[in-house]
Each structure stands twice: as structure tokens, then as C-alpha cells.
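[1] okay, sequence plus prediction incoming.
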Amino acid sequence: MDKDQEKLFVKDPNKTYGLMEIVEGTSPMVEKAPEDTVETFPHYIILLTICSLAVAFALLLISLFFDAPLEDLANPLVTPNPGKAPWYFTGIQELIHYTNKPVIPAIILPLLIFVWLFLIPYIDRKPKTRFTSLLNQIFIGGEKRRTLITLFTLFIFGALIFTMIGSLFRGPNWSFVLPWK
């Protein structure tokens, strides 16, 4: 320390200072880290790069062997029968088909889903991050988390079922057809 700093920061044996410039020597916290941590670089970055390259390579192989199911050029005078929404909206389109009031499945239901997904962290106060404890809670039983996992699983399966029905089993005039016929 230079003379100006010594005047400003007077060393008193009865006080503990938090600035590292005042304390002579090294801190006892230097190079002390939690024992169960792994550094991000290079461990995580290398793993992330390898996984990204593997997914890109798998997509490249899939695209080499399978052609994309493209249709003819769009003609505004001829519409397809049935007019299907993209696959991520076919579940909602299927719900609209079953109800007389399209406001409920088209507006209110997605709004309730977003509110529910927003409130999950506030409802689930004891999250378990380890996979084994999650399996124990699901299969052996446990705290409040079992109900949330069950509700979310039912939501996902319901969305998948409606999406598959709307994508695969709907034919001309929105009639039910089998996809293998």
C-alpha cells in the first residue's frame, strides 16, 4: 500500500476489513470451491459440442435417407380437404371440432395452460433435482410433487393424443379415417 492508502485505511487489530487490498497475504477462501462442482470449461463445453455435433450428424443421415413429404405448390383457388392446422395446433383444432363454442378451446384453455405453467414454481415448493429422488417420489410415493408430476404427465399425453388424432386420423370433410387405408 502506498502512503495515501495507509492514511485512509488505518490497520486496527480489533477490526476486520473486507477489502483484499488492506489484508496482507492471501485470504483463506482463495481457491476454495464446493467439492461437488465441475468447471464449465472445458468439461461442459466439450460435452455440449460433442452432443451438438452428434445431433447434427444424425439429422444429416436422416435427411440423406428420407425425403421431406412436400406437397404441390400452393394454389389459392384450390384448398385442401380437410384444411389442417400445423401439427402443433392440431390438438386445439381437434378440440374446436368437438365443441360448439370455439372460445373455450381456442382462447380460454390455452390461457389456463399458460397460467398453470406460470404458477407451477409457486405451487411446487420442494423441487428435487436428483433423478433417483424423482423416481422415488413417483413410484414409491411422496410429497406434493407426485400430484404435479401426474397432472403434467396427463397434460402431455392429452396434447399428444389430440395432436395424433388431428394429424393422422382426419380425412376429407373432417371425417375419421384410418391412416393405413
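    Yep, that arrived.
[2] quick one, domains of this structure?
    Using automatic domain parsing, the domain parsing of the chain gives 38-67, 90-174.
[3] check those domains for me: which has the lowest mean pLDDT.
    Between the domains of the chain, the one with the least mean pLDDT is domain 90-174; it has a mean of 75.
[4] just the helices in this protein please.
    Ranges of helices within the chain are 3-8, 45-65, 90-98, 103, 109-123, 131-135, 145-168, based on DSSP state H.
[5] pick the most deeply packed of those helices.
    Comparing the helices of the chain by mean neighbour count (mean count of other CB atoms under 10 Å), helix 90-98 ranks first with a mean of 18. Placement of C-beta: from N, CA and C, glycine included.
[6] what helices and strands are in contact with it?
    helix 109-123, helix 145-168 (3 or more CB pairs under 8 Å, 6 or more residues apart in numbering; DSSP states H and E).
[7] between it and helix 109-123, how many degrees?
    Counting by axes from the mean of the first three to the mean of the last three CA atoms, to 10 degrees, helix 90-98 lies at 130 degrees to helix 109-123.
[8] which element follows helix 90-98 toward the C-terminus?
    helix 103 (DSSP states H and E).
[9] helices and strands around that next one, which ones?
    Secondary elements touching helix 103 (3+ CB pairs under 8 Å, 6+ apart): none.
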